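Mind folding the following:
(chains A and B)
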Number of protein chains: 2
Amino acid sequence: MSTVLITGGTGFLGRKLLGALLARGHIGDSDGKPVEFDRIRIADLREPDAPLPQDDRIVTSWGDFTATGVAETLIDSDTTHIVHLAAAVSGECERDFDLGMRVNLDGTRGLLEAARGLQAPPKFVFTSSVAVYGGDMPAVLNDTTAAAPQNSYGAQKVACEYLISDMSRRGLIDGRTARLPTVIVRPGKANAAASSFASAVIREPLQGDEYICPVSPETAIWVLSPRKVIDGLVRTLDLSNEDWGSSRTLKLPGITVTVQEMLDALARVAGSDVAARVSMQPDEFIQNIISGWPARFELARAPALGFKGDEGIDAIVEAFIQDELNGQVA
Amino acid sequence: MSTVLITGGTGFLGRKLLGALLARGHIGDSDGKPVEFDRIRIADLREPDAPLPQDDRIVTSWGDFTATGVAETLIDSDTTHIVHLAAAVSGECERDFDLGMRVNLDGTRGLLEAARGLQAPPKFVFTSSVAVYGGDMPAVLNDTTAAAPQNSYGAQKVACEYLISDMSRRGLIDGRTARLPTVIVRPGKANAAASSFASAVIREPLQGDEYICPVSPETAIWVLSPRKVIDGLVRTLDLSNEDWGSSRTLKLPGITVTVQEMLDALARVAGSDVAARVSMQPDEFIQNIISGWPARFELARAPALGFKGDEGIDAIVEAFIQDELNGQVA
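This next block holds a predicted model:
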């Protein structure tokens, strides 16, 4: 028997991962050999308004995994794979330090404690973020550049990364951390988050809306499409314990694009009239935040382990049109 | 009123720091301006056999700071500076994972929680270690090389480093982490710890004893003398909040020496008959551990902030003879 647990399983990435796993039906064991799973447990704060797919393999757990005793109820003796997506997001953690510490640090530790009680160390996939970088950085980051978060979310994530690596070294779990680039193109509405522009500058014009871009055309950002994030998470689950070796944290291979390149891609893929829906009006506050994020990486480990990024910004725009707009540009 | 708290204050470094602070009588405030302190609180598990110096400024707290409610008793409204030296050491943490997590992670967090309750954010000096490095490393490490501990002690230390940096960024504390090179020459007896040889290869022959060195002459190690560690910790306490800026973790500037260079220094300082008390008998197990430690660093930040390493291995040997052997070579 084999159960996959996905915390935060009703979110944007959780649902896509669920769909990908259900379609596939199997997942790598600790040696990387495909094994059929019996169940996927979707855990989240509450039952979502939009229903999950109808599938007998899905079981659900609604509630706060950070509350005493709850983490243990998410994991049973059949649990072989855990994908821990649930988190307080960066804006919440900046507003409320204690919330972030409770959910992102203590909550993750509670889940790790429950996981290490299993007879067979489960695969434990943790998602981290490019938000672990900041401050004084080299112009091009590589596999051994130190994290230096300038936000509490990133600090809590990186602290957990180190605990997961150590517990994996000790054989208590078989942990893997995937650090995600900025994920574009997310569906939904533009919001006040600084990273919001990176999806909105593509999404809004494709949906027929004007968009005022708050950063300059030469602003570069490190991105990965939802499709490649899911491919990357599945691969993160699939690989053998041995393949991961002593280093348990991996940057999923994003690509570097400038805002101008995004606009050029929009024009190529959807026409210059669509691209013309974007006007530029740099906002110093947002520009400063975005300019503090690392945009260029030279990664050896992810490609060596078979992880693939997007082919280019055109492919990212096309995938969004197919996956979220049913192929229709407004 | 100003009180300096030193946890682990009866240990080798704690006592030396206490002595240095008592002799000095003042310490930098958050702007780096010298202020006289009224008290130094020495906290440790129990009262030591060897008495502390007689000085009215010393107050003591004996007990386990990781026990519920104890951390709060170490900090009062006068506490302006905290030096957190208390820790479970690397060997203990490898043998007992839960002990290390409790003392080094939860214990430090408890102290941080108590510290953030103060009206004026106290300076909080945390000691970390070269043990945060391991695994795949560049040949020469620099200020932005990622920590990748291959031991639980290092993982717990680096997790705390990130929490301290974040709490400092938020203004909850004024935190500073000093990552220490291997400290030589420590007094006492050779023991089974892998790092033991680095002090023993100098100390034992100077004390008149034969020593069998378990690593090859070309083995390089990154070292700092106790004197320079104390100078570094005092400077870490002294500097202004502004001088530290956004990066709260600093490697104290060690020097790289090979075992052969240690032996040559012994011969120069104490004579070739003393150096001849060392014989070489490499032990594969210890050699492998030591060879996995980083030995070469190119640091810009520590010198820029005025931190100084040892002048050379001769000075380290001479300082040991003066400080621990009363100037007498056996």
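
From B:Gly135, how far off is the residue in the stretch 1-150 of chain A that chain B sits nearest to?
Using Cβ to the nearest Cβ, the single residue of the stretch 1-150 of chain A nearest to chain B is A:Ala146, 4.2 Å away. Bear in mind the C-beta positions are built from the backbone N, C-alpha and C, glycine included. Distance, A:Ala146 to B:Gly135, using Cβ to Cβ, to the nearest Å: 13 Å.

And the two? Which one has more around it.
Set side by side, A:Ala146 and B:Gly135 show more neighbours around A:Ala146, with 23 against 17, by other Cβ atoms under 10 Å in any protein chain shown.

show me what contacts that one?
B:144-147 (Cβ atoms under 8 Å, 6 or more residues apart in numbering or on different chains).

give me phi/psi at A:Ala194?
Main-chain torsions, A:Ala194, degrees, to the nearest 10: phi -60, psi -30.

tell me the pLDDT at it?
For A:Ala194, the pLDDT comes out at 75.

Ok, A:Val35 next?
Model confidence at A:Val35, expressed as pLDDT, equals 95.

Could you do A:Asn191 as well?
pLDDT, A:Asn191: 69.

Off-centre distance for stretch A:46-57?
21 Å (Cα atoms, centre = their mean, to the nearest Å).

neighbouring contacts of it?
The contact list for stretch A:46-57 (Cβ under 8 Å, 6+ apart) reads A:10, A:15, A:18-19, A:22, A:37-40, A:42, A:58, A:60, A:62-63.

Buried only: go through those for me.
Applying 16 or more other Cβ atoms under 10 Å in any protein chain shown to the contacts of stretch A:46-57, the neighbour count classes A:10, A:15, A:18, A:37, A:39-40, A:42, A:58 as buried.

Of these, which pair is most distant in space?
Using Cβ to Cβ, the two most remote members of the buried ones among the contacts of stretch A:46-57 are A:Thr10 and A:Phe37, lying 18.8 Å apart.

Distance check, A:Lys33 against A:Ser2.
From A:Lys33 to A:Ser2 the distance is 12 Å (Cβ to Cβ).

Looking at the two, which is more packed in?
Per other Cβ under 10 Å, whichever of A:Lys33 and A:Ser2 has more neighbours is A:Ser2, with 17 against 11.

Which residues of the stretch 201-330 of chain A lie near chain B?
Within the stretch 201-330 of chain A, the positions lying close to chain B (Cβ under 8 Å from any Cβ of the partner chain) are A:246-247.

nearest residue to the residue in the stretch 201-330 of chain A positioned nearest to chain B other than its sequence neighbours?
Residue nearest to chain B within the stretch 201-330 of chain A (Cβ to the nearest Cβ): A:Ser246, separated by 4.7 Å. Closest residue in space to A:Ser246, ignoring its immediate chain neighbours: B:Gly135 at 4.7 Å, by Cβ to Cβ, 6 or more residues apart in numbering or on different chains.

which residues touch that neighbour?
By Cβ under 8 Å, 6+ apart, B:Gly135 lies in contact with A:246-247, B:148, B:150.

ranges for the strands of the stretch 101-250 of chain A?
All strands of the stretch 101-250 of chain A, identified by DSSP state E, counting those that start in this stretch, fall at A:123-129, A:141-142, A:174-180, A:182-183, A:211-213, A:220-224, A:249-251.

Get me the contact residues on the stretch 51-200 of chain A for chain B.
Counting by Cβ under 8 Å from any Cβ, the stretch 51-200 of chain A sits next to chain B at A:97, A:105, A:134-138, A:143-152, A:155-156, A:158-160, A:162-163, A:165-166, A:169-170, A:172.

again, 7 Å this time
Within the stretch 51-200 of chain A, the positions near chain B by Cβ under 7 Å from any Cβ of the partner chain are A:97, A:135-138, A:144-150, A:152, A:155, A:158-159, A:162-163, A:165-166, A:169-170.

Buried ones among those?
So, by 16+ other Cβ under 10 Å, the buried ones in those are A:97, A:135, A:137, A:144-150, A:152, A:155, A:158-159, A:162-163, A:165-166, A:169.

where does the nearest residue to A:Val229 once chain neighbours are set aside land on pLDDT?
In space, A:Val229 comes closest to A:Val183 once its chain neighbours are excluded; the distance is 5.7 Å by Cβ to Cβ, 6+ apart. For A:Val183, the model assigns a pLDDT of 95.

Among the contacts of stretch A:46-57, which ones are in strands?
Applying DSSP state E to the contacts of stretch A:46-57, the entries found in strands are A:39-40, A:42, A:58, A:60, A:62.

contacting residues around the residue nearest to the spatial centre of chain A?
Closest to where the C-alpha atoms of chain A average out (Cα atoms, centre = their mean) is A:Leu180, at 4.9 Å. When contacts are counted by Cβ atoms under 7 Å, 6 or more residues apart in numbering or on different chains, A:Leu180 touches A:127, A:129-130, A:224, A:229, A:252.

So the residue located most distally from the centre of chain A, which state does it fall into?
Largest separation from the mean C-alpha position in chain A: A:Asp273, at 32.0 Å (Cα atoms, centre = their mean). Using DSSP: H, G, I helix; E, B strand; the rest coil, the structure places A:Asp273 in helix.

Looking at the nearest residue in space to A:Ala88 that is not next to it in sequence now. What's its pLDDT?
In space, and not counting its chain neighbours, A:Ala88 is closest to A:Val103: 4.2 Å by Cβ to Cβ, 6+ apart. With respect to pLDDT, A:Val103 has a value of 97.

again, but for A:Val89
According to the model, A:Val89 scores 88 on pLDDT.

what sits against it?
A:Tyr153 are the contacts of A:Val89 under Cβ under 7 Å, 6+ apart.
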